[in-house]
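Engineer: Pasted the sequence and its predicted model underneath.
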Amino acid sequence: MKKKQLFRGSLLAMASLFLMGCPGDDGGGADDVTISSEQIMVSPTTLDFSSAAGAQERVTLTANCKWTITNIPNWLIVNPKEGSGNATITLETAVQNTGNERSEQLKISGLERSVTMTVRQRGDGSSPSAGLPVVSAFSVSNPTSTGFSMSLTFTSNPEATEYGVCFSSANTVPTIRDTKAIVNTPSTGKTFTGNVNRDDFQAGATYYVRGFVTNINGTSYSSNVLTVTIPNAAGPSLTLSTSALSFAADETTNRTFTATVSPTTASLTAQSSNTALCTVSVTGAGATRTITVTPKANTATSQRTAVITVTAMANGQTTSRTVNVTQAGNTAGAPVITAFSVSNPTSSSFQFSMTFSANPDATLYGVCYSSVNSTPTLSDYYTYSSSSSSGRTLNGTVDHDVLVAGTTYYVRAFAQNTYGTTYSSNTLMVTLQSASPNTPNSGDNPTPNVPSRSVKK
């Protein structure tokens, strides 16, 4: 019985010692274990620079913590050197390497984690990095609105799997992480010439361009960075079959002319500067289009004009050509009397002179007169000529036997055609001389120089 109690007491003592050796809730004992949650990754982990100063590369840093880049050699510029979270790091060679190839391992550190990245710069006095392609010549030429020509000479062992140009309008030292144009035909070396054509080139923009060659060991770039400026696209070609159109006053029949345009995909519009004179429309597609001009009758007496502008648009550029349009004034109408006078009254006659124009021709013209109507018309007495005329100055004598010596007469000139009768704007008065005794009526001796007759309707 005593042995059992002793054994039980020993167990209680050991248990008490074990509990005293473990950390309790109130402090004392071992520290808690903490697992780091920092993440830092960099891509790529190796960069190769040419021997030239200003060679530039970029890497992508993925992190969820604050970080600092250290162990930076004096021949390399790193920006930024520290930060927090994700970032793009730009690395640029500060000086030319005239010696042998050199390298360094950069260290990117957080509070608890760090990663390394290898940077290498070729030297002018050494061979290229082992296994990397060698770019010996690179040039660009012949910029157009859609691209440029390039020439690239290289060697590669092992053979290159991809080569071409990389370019950027923003990055002055472009890499293959910018935009690139590639050839992926394997080659151990060649001089490659070709054209770089892309729809997304911006007219007027300047691009920085480098040649590159990639094999399984990495990518090498041309030592020279070139610039090429994309010119503005040339406007479309546009030729019209006429440069002028002329219409009669009463013409309303359509006229057409053609426009020849290149490229055939160009859009074409036409517009009249005076739609009261004519309207225009475009029909057809392809290289040759038809422009239809619809004139409107001119009721005014003056000539009128318009300009038809034909515009082709392609590649964001426009080319315009013009056609000058004239339309005669409408001069058709009643005759126009421009001058009228009376003179030399006798006891039985007086003389007159009238000037007129007519379109169409006047078929009746002369003078009308009355001793009672102050604005005489053809309903009164008139002396006339019926010889068709488009206009003349008529000089004549009125010596009809209805004239009474000593009487005052109101006199107006008139001219008549199919549009109507026009009277002179002025009504003149003429007073015949008093008759002398035993003087015969002068109506028995008509003046022969004007084929005229006096009648009363």
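Structural biologist: Ah, there it is.
Engineer: Which of the residues in the helix or strand containing Val261 are classified as buried?
Structural biologist: Using DSSP states H and E, Val261 falls within strand 255-262. Going by neighbour count (16 or more other CB atoms under 10 Å), the buried part of strand 255-262 is 255, 257, 259, 261. To be clear about C-beta, it is placed using only N, CA and C from the backbone, and glycine gets the same treatment.
Engineer: and of these, the nearest to Ile216?
Structural biologist: Ranked by distance to Ile216 (CB to CB), the buried residues of strand 255-262 are led by Val261 at 51.8 Å.
Engineer: Please name the bridge partners of the closest one.
Structural biologist: On the basis of DSSP bridges, Val261 is bridged to Leu238.
Engineer: Report the separation between it and Gly284.
Structural biologist: Using CB to CB, to the nearest Å, Val261 is found at 10 Å from Gly284.
Engineer: looking at the protein, which helix or strand is least sure?
Structural biologist: helix 2-20 (a mean of 40; mean pLDDT, DSSP states H and E).
Engineer: Which of the residues in the helix or strand just after it are classified as buried?
Structural biologist: Using DSSP H and E, the helix or strand that follows helix 2-20 in sequence is strand 40-43. Residues of strand 40-43 classed as buried under the neighbour-count rule (16+ other CB under 10 Å) are 40, 42.
Engineer: Show me what strand 40-43 pairs with in its sheet, parallel or antiparallel.
Structural biologist: Short version: by DSSP bridges, strand 40-43 pairs with strand 56-63 (antiparallel).
Engineer: Give the next helix or strand downstream of the strand it pairs with.
Structural biologist: Following strand 56-63 toward the C-terminus (DSSP H and E): strand 66-70.
Engineer: How far does stretch 184-202 stretch from one end to the other?
Structural biologist: 26 Å (CA to CA, to the nearest Å).
Engineer: where does the stretch 51-200 of the chain dip in pLDDT?
Structural biologist: In the predicted model of the stretch 51-200 of the chain, residues 124-130 satisfy pLDDT under 70.
Engineer: just how off-centre is the strand holding Val261 within its chain?
Structural biologist: What separates the centre of strand 255-262 from the centre of its chain is 21 Å, taken as CA atoms, centre = their mean, to the nearest Å.
Engineer: export that strand as PDB, just CAs?
Structural biologist: C-alpha atoms of strand 255-262 as PDB (Å, rounded to 0.1, in the frame of the first residue of the first chain):
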ATOM      1  CA  ARG A 255     -25.700  67.400-117.100                       C
ATOM      2  CA  THR A 256     -23.100  64.800-116.000                       C
ATOM      3  CA  PHE A 257     -19.300  64.700-115.600                       C
ATOM      4  CA  THR A 258     -17.000  62.000-114.300                       C
ATOM      5  CA  ALA A 259     -14.500  61.800-111.400                       C
ATOM      6  CA  THR A 260     -11.600  59.400-111.500                       C
ATOM      7  CA  VAL A 261     -10.300  58.600-108.000                       C
ATOM      8  CA  SER A 262      -7.500  56.500-106.400                       C
END
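Engineer: Let me know the average pLDDT across that strand.
Structural biologist: Strand 255-262 carries an average pLDDT of 95.
Engineer: Kindly tell me how buried Pro345 is, as a neighbour count.
Structural biologist: 18 (other CB atoms under 10 Å).
Engineer: Now for it: which residues touch it?
Structural biologist: Counting by CB atoms under 8 Å, 6 or more residues apart in numbering, Pro345 makes contact with 430-433.
Engineer: Could you pick out the buried ones from these?
Structural biologist: By neighbour count, with 16+ other CB under 10 Å, those hold 430, 432 as buried.
Engineer: tell me which of the contacts of Pro345 is nearest to Arg177?
Structural biologist: The closest of the contacts of Pro345 to Arg177 turns out to be Val430 (CB to CB; 107.5 Å).
Engineer: I figured the closest one hits Val342, correct?
Structural biologist: Yes - using CB atoms under 8 Å as the test, Val430 is close enough to Val342 to be in contact (4.8 Å).
Engineer: Need the residues touching each of the two.
Structural biologist: Common contacts of Val430 and Val342 (CB under 8 Å, 6+ apart): 350, 411.
Engineer: Thr299 belongs to a helix?
Structural biologist: No - according to DSSP: H, G, I helix; E, B strand; the rest coil, the state of Thr299 is coil, so it is not within a helix.
Engineer: thought it was touching Asn330?
Structural biologist: Yes - the criterion here is CB under 8 Å, and Thr299 meets it with Asn330 at 5.5 Å.
Engineer: The two: who's more crowded?
Structural biologist: Neighbour totals were compared for Thr299 and Asn330, and Asn330 leads with 17 against 9 (other CB under 10 Å).
Engineer: Tally up the residues packed near the closest residue in space to the more buried one that isn't next to it in sequence, please.
Structural biologist: Spatial nearest neighbour of Asn330, excluding adjacent residues (CB to CB, 6 or more residues apart in numbering): Ala249 at 4.0 Å. Neighbourhood size, Ala249 [other CB under 10 Å]: 18.
Engineer: oh, and call the first residue 74 from now on, that's how I've got it
Structural biologist: New numbering, starting at 74: the last item is Ala322.
Engineer: quick one: Ala322 and Gly402, what's the gap?
Structural biologist: On the measure of CB to CB, Ala322 and Gly402 end up 6 Å apart.
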